[in-house]
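Trainee: Take a look and give me a structure for this.
(chains A and B)
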There are 2 protein chains.
Amino acid sequence: MATVVMKFGGTSVANIERIQNVARHVKREVDAGNKVAVVVSAMAGVTNQLVAWVKEASPLYDAREYDSVVATGEQVTAGLLAITLQAMGLRARSWTGWQVPVKTDGAHGSARILDIPGENIRKQIEGGEVAVVTGFQGIEPIENRISTLGRGGSDTSAVAVAVALEADVCDIYTDVDGVYTTDPRIVSKAKRLSKISYEEMLEMASLGSKVLQTRSVELAMVYKVKTRVLSSFVAPDAMQPFNADNMENIGTIVCDEDEIVEQQVVSGIAYAKDEAKITLLNVADKPGIAARIFGPLADANINVDMIVQNISADGKHTDMTFTVQAAELPRTLDVLKKAKSEIGHVDVKSSADVVKISVIGVGMRSHAGVAAQMFKTLSEKGINIHAISTSEIKVSVLIDAAYAELAVRALHSAYGLDND
Amino acid sequence: MATVVMKFGGTSVANIERIQNVARHVKREVDAGNKVAVVVSAMAGVTNQLVAWVKEASPLYDAREYDSVVATGEQVTAGLLAITLQAMGLRARSWTGWQVPVKTDGAHGSARILDIPGENIRKQIEGGEVAVVTGFQGIEPIENRISTLGRGGSDTSAVAVAVALEADVCDIYTDVDGVYTTDPRIVSKAKRLSKISYEEMLEMASLGSKVLQTRSVELAMVYKVKTRVLSSFVAPDAMQPFNADNMENIGTIVCDEDEIVEQQVVSGIAYAKDEAKITLLNVADKPGIAARIFGPLADANINVDMIVQNISADGKHTDMTFTVQAAELPRTLDVLKKAKSEIGHVDVKSSADVVKISVIGVGMRSHAGVAAQMFKTLSEKGINIHAISTSEIKVSVLIDAAYAELAVRALHSAYGLDND
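Mentor: Take a look at the predicted model:
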């Protein structure tokens, strides 16, 4: 008898018919004798309506009230799923974030989970009842107010519940049937990975693959929660119930890299379209200049990603290029303008017409030549590279947006990832 | 400095524009130095959508899960109003039923408020902040689950909050500007009452006048909460802020009858259209027969209103007529059918094509002839009376639905209530 956490996102619970489909997935696990906690998102569209109301009430809204309004979406789904499960003859009850309780810090709108005392839910599922938990939310215990984890936070809720219950698996049901070597909409030969390491998934998630939220992968990695990505749109009775000895027949398992026997050098190609590039020309080449540029951006909570500083030709001036989220571009330019006196009068060029393409794989730690292969492949296609950044397990380049699909397809093929 | 509780119903908060209108009403009171708690319903239409989802999930839903789903409606409004008040420069925060906490019993779907510890909210409003409280809901403290008070329960929430805060007034803002001598849609000469006693309002409320929920009036009567019915659609700056010395210039005050100086014999005419009449013919006229009929109905939670038993002509058989809510008619007939063996084989006739018309006034305690006047008026119009019931302060008759408007108009005129 295993303890299984199942998470269903907004499109999987978009209406009552789909909630009934979700209930059948849950019933399959209960009928097999598994102890089940389900984590649900708001029905697709509901959160958007709630956010629209908040913004109509005031564009400068109070984050605590925003949280209280927006958290209702998951509460509705949880109640409806509990009712649907009961109608199928199962015992079930819903749990809101404050009932569990999912204790968070006070960073309303993007709260972090501090602790989930699991005893209430554990007692319930031990007795054969299904616990349906609202994703995305918790309670900040000092002021006793509802907090939310930010968009996509239900994945994090699911992993945190799995930690609290010491679950055997955290199954994340989405609208895709696993993690692919790259986006199958761009590369028809993309392959589903049966396993991927936490580290690689983390890079994938933070580089624009929207399958799992970054923080959920971080949490899974820290607590070694075996996480699986599955499709909720597979017929519930066409799937086998969870079985620890045979997990790989479906979906993608996110796990420790030691558990992946046949490790590839490159596991996947990711791309991020919502990048913007900013170049400061003729910046004074002197100590402290980077701090003067990036200090004000950090103060304004703007996340800077790639940073490239050219060697100074004359020893006095240099160029500085960096990227931010495209949505942050106007605000970034505004901050730079205000910091003009500190940075000095420089020319600023910007473009949102760029993409970041990344090659990811834990295998590159022990294999040289991965980056060189990337540059060669792009060069053969005549694609110019604006900026490069690397980590232990990935190489990212910034290129013109027009070449995005071409680059992804060429790299996918070059690293031998194409499906036959 | 007075403590004012303001309650706004679903049509008053139906969209952000109306919520802004509500906020201006609140601002008027705060600017005048009053301490304000606001109680809000769900935005019009939201509760219906939530209930529809629940029923689609399962017609036989769990009342606890129903409560958890449906209670989200008021939580949304409370957050949006708090944000709107803040945007107007006021300090405000929302309170859900469990945050206050509004402690109720475990009768999910129609819970009764047991206790509201007022200290949290009192501390807040003493500091000049507006407390926005979700109506209609509370928490059942043993299982720690959300409970709802049943439809229209926000009025009851408002009065209960007024009790907890020892408020000077509980202002119920609705879509009408007060309580009228009868429905102005039927009688154009209907007059707004500046005051009405709790007892009369209770009869009005339970007899189909939808201005205030019955339980809210009961609660106001027990705790002597001065309750006022006002229109939220009057321009907020066209109204004076609350002033204990000058309350009667607007709306209708529901108060102790001692406070009403010029008491009328008859205060109003009410009618209830959702009645159904059931007649059992040839019932055995013997001790215990009433218990055998009404016992099973009570067990099935069916509320019986008027009961008329005819004198037996032959000493052996009699006819029994009673009324129930029209919506309960099919269930009532079903219960009677199942109790056939105990009641005996009798003919059952039923009709939902009836209305109950009531004449109400505390003055009739000391004035004879009110009922006689009613019967004479109806007789002059050729209206047949099917059943009569009386209390200390009202006379009700059951007549054919077709005569409803005619009867109300004739009675309104006969008791001198017409506006000149």
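Trainee: Would you map the helices across chain A?
Mentor: With helices called from DSSP state H, chain A shows them at A:16-31, A:46-57, A:63-70, A:72-87, A:119-126, A:153-165, A:198-206, A:214-223, A:289-299, A:329-338, A:340-343, A:370-380, A:404-414.
Trainee: can you redo those helices as JSON lines with mean pLDDT?
Mentor: Shown next, in JSON lines, are these (pLDDT from 0 to 100):
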{"stretch": "helix A:16-31", "mean pLDDT": "97"}
{"stretch": "helix A:46-57", "mean pLDDT": "96"}
{"stretch": "helix A:63-70", "mean pLDDT": "96"}
{"stretch": "helix A:72-87", "mean pLDDT": "98"}
{"stretch": "helix A:119-126", "mean pLDDT": "95"}
{"stretch": "helix A:153-165", "mean pLDDT": "96"}
{"stretch": "helix A:198-206", "mean pLDDT": "87"}
{"stretch": "helix A:214-223", "mean pLDDT": "93"}
{"stretch": "helix A:289-299", "mean pLDDT": "87"}
{"stretch": "helix A:329-338", "mean pLDDT": "92"}
{"stretch": "helix A:340-343", "mean pLDDT": "85"}
{"stretch": "helix A:370-380", "mean pLDDT": "92"}
{"stretch": "helix A:404-414", "mean pLDDT": "96"}
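Trainee: Show me what from chain A comes close to chain B.
Mentor: A:16, A:19-20, A:50, A:53-54, A:56-58, A:60-62, A:64-66, A:68-69, A:72-73, A:75-76, A:78-80, A:82-84, A:86-87, A:93-94, A:96, A:98-99, A:144-146 (Cβ under 8 Å from any Cβ of the partner chain). Backbone N, C-alpha and C define where each C-beta goes, glycine included.
Trainee: out of these, which are buried?
Mentor: A:16, A:19-20, A:50, A:53-54, A:56-58, A:61-62, A:64-66, A:68-69, A:72-73, A:75-76, A:78-80, A:82-84, A:86-87, A:93-94, A:96, A:98-99, A:145-146 (16 or more other Cβ atoms under 10 Å in any protein chain shown).
Trainee: right, and residue A:168 touches residue A:2 too?
Mentor: Yes. Between residue A:168 and residue A:2 there is a contact at 4.1 Å, judged by Cβ atoms under 8 Å.
Trainee: More neighbours: the two, which one.
Mentor: residue A:168 (19 against 16; other Cβ atoms under 10 Å in any protein chain shown).
Trainee: for that one, what are its contacts?
Mentor: When contacts are counted by Cβ atoms under 8 Å, 6 or more residues apart in numbering or on different chains, residue A:168 touches A:2-4, A:226, A:242, A:244.
Trainee: ok, now with 7 Å
Mentor: A:2-4, A:244 (Cβ atoms under 7 Å, 6 or more residues apart in numbering or on different chains).
Trainee: got it, and residue A:122?
Mentor: residue A:165.
Trainee: ok, it to chain B distance?
Mentor: Between residue A:122 and chain B the computed distance is 16 Å (Cβ to the nearest Cβ, to the nearest Å).
Trainee: now that residue: how far from residue A:85?
Mentor: Using Cβ to Cβ, to the nearest Å, one gets 18 Å for the distance from residue A:122 to residue A:85.
Trainee: again, but for residue A:307
Mentor: Here the criterion is Cβ to Cβ. By it, residue A:307 lies 50 Å from residue A:85.
Trainee: And residue A:49, by the same measure?
Mentor: Going from residue A:49 to residue A:85 by Cβ to Cβ gives 25 Å.
Trainee: between these two, who's got more neighbours?
Mentor: The residue with more neighbours, out of residue A:49 and residue A:85, is residue A:85; 31 against 14, by other Cβ under 10 Å.
Trainee: How about the contacts made by the more buried one?
Mentor: Here residue A:85 is in contact with A:23, A:26, A:92, A:130 (criterion: Cβ under 7 Å, 6+ apart).
Trainee: isn't the second one right up against residue A:36?
Mentor: Yes. Taking Cβ atoms under 7 Å as the contact criterion, residue A:26 and residue A:36 are neighbours in contact, 5.9 Å apart.
Trainee: Neighbour count: the two, which is higher?
Mentor: A side-by-side neighbour count of residue A:26 and residue A:36, using other Cβ under 10 Å, places residue A:36 first with 29 against 25.
Trainee: what about residue A:67, neighbour count?
Mentor: For residue A:67, using other Cβ under 10 Å, the count is 27.
Trainee: go on, the one 3 residues further on?
Mentor: As a burial measure, residue A:70 scores 26 neighbours (other Cβ under 10 Å).
Trainee: What residues does the closest residue in space to it that isn't next to it in sequence make contact with?
Mentor: Closest residue to residue A:70 apart from its sequence neighbours, by Cβ to Cβ, 6 or more residues apart in numbering or on different chains: residue A:50 at 4.9 Å. Counting by Cβ under 7 Å, 6+ apart, residue A:50 touches A:69-70, A:72-73, B:76.
Trainee: Repeat that for residue A:154.
Mentor: Contacts for residue A:154 (Cβ under 7 Å, 6+ apart) come out as A:7, A:9, A:39, A:41, A:135-136.
Trainee: That one - nearest residue in space that isn't next to it in sequence?
Mentor: Closest to residue A:154 by Cβ to Cβ, 6+ apart is residue A:135, at 2.8 Å.
Trainee: Phi first, then psi, for that neighbour.
Mentor: phi -80, psi 170 (degrees, to the nearest 10).
Trainee: what sits in contact with each of residue A:168 and residue A:2?
Mentor: The contact lists of residue A:168 and residue A:2 share residue A:244, where a contact means Cβ under 7 Å, 6+ apart.
Trainee: Columns distance to residue A:275 on top of the contacts of residue A:85, output as TSV?
Mentor: Below are the contacts of residue A:85 laid out as TSV (distance: Cβ to Cβ, whole Å):
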residue	distance to residue A:275
A:23	40
A:26	39
A:92	43
A:130	42
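Trainee: Give me the buried subset of these.
Mentor: A:23, A:26, A:92, A:130.
Trainee: quick check, nearest of those to residue B:156?
Mentor: Distance to residue B:156 across those (Cβ to Cβ) is lowest for residue A:92, with 30.1 Å.
Trainee: Let's see which of the contacts of residue A:154 end up in strands.
Mentor: A:7, A:39 (DSSP state E).
Trainee: Pull out the buried members of the contacts of residue A:154.
Mentor: By neighbour count, with 16+ other Cβ under 10 Å, the contacts of residue A:154 hold A:7, A:9, A:39, A:41, A:135-136 as buried.
Trainee: Now do the domain split for chain A, please.
Mentor: According to automatic domain parsing, chain A comprises the domains A:3-256, A:268-414.
Trainee: Tell me the helices and strands packed up against the strand ranked longest in chain A.
Mentor: Longest among the strand segments of chain A by residue count, using DSSP E, is strand A:268-284. The contact analysis (3 or more Cβ pairs under 7 Å, 6 or more residues apart in numbering or on different chains; DSSP states H and E) places strand A:268-284 against strand A:317-325, strand A:347-360, helix A:404-414.
Trainee: I am finished for the moment; much appreciated.
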